[in-house]
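In: Structural data only, the sequence is not supplied:
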């Protein structure tokens with residue numbers, strides 16, 4: 001494989017790892033909850049990210065490149081908006097006791113904010129990683145942050 005393809009794989013893996021870290025930080029900051037990252041949360045969200053999330057990212061990047069309007073903040077905004085769909089999907093997949101689909105205001109509820117932080121951090125890290133892959137000079141800050149995320153994720157899972 002080419003070196004650039006390995007870098008995109010690194011982006012996908014470390015971007016996903018940002019989600020559980022932000023979820024745990026949000027739950028601790030707002031609700032003083034610990035041990036919130038469970039195996040079912042990681043299992044369902046990893047499957048959702050590797051199927052639907054990656055598809056959203058690919059379609060967005062291709063669309064922006066075809067239209068020649070490829071800007072970092074536009075890409076990030078589109079990722080964040082598309083990943084709101086994943087907030088609703090996570091609620092349904094984890095079986096949060098809803099008899100139907102969550103209301104449109106769900107991401108702004110106490111139960112939805114941690115999930116929004118989960119998927120929002122993944123969207124932000126994915127956007128930053130893809131942007132830095134296109135601009136080789138700017139890879140160093142992303143690599144530093146992604147290594148810190150990797151260490152924090154391992155610590156979070158180890159302490160699980």
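Out: Okay, I see it. All figures in this text were calculated on a predicted structure; none of them were measured in a lab.
In: Can you tell me which helix or strand of the protein has the lowest average pLDDT?
Out: helix 39-48 (a mean of 85; mean pLDDT, DSSP states H and E).
In: Distance from the chain centre to that helix, please.
Out: In this view, helix 39-48 has its centroid 12 Å away from the chain centroid, taken as C-alpha atoms, centre = their mean, to the nearest Å.
In: Name the residues of the helix or strand just after that helix that are buried.
Out: Where DSSP states H and E defines the elements, the next helix or strand beyond helix 39-48 is helix 54-66. For helix 54-66, burial by neighbour count (16 or more other C-beta atoms under 10 Å) applies to 56-57, 60-61. Quick note: C-beta positions are derived from backbone N, CA and C, even for glycine.
In: And for stretch 134-142?
Out: Buried, per 16+ other C-beta under 10 Å, within stretch 134-142: residue 142.
In: pLDDT score assigned to residue 117?
Out: On pLDDT, residue 117 comes in at 93.
In: what's near enough to touch it?
Out: Residue 117 makes contact with 22-23, 25-26, according to C-beta atoms under 8 Å, 6 or more residues apart in numbering.
In: Quick check: the farthest pair among these?
Out: Greatest spatial distance among those (C-beta to C-beta): 23 and 25, at 7.4 Å.
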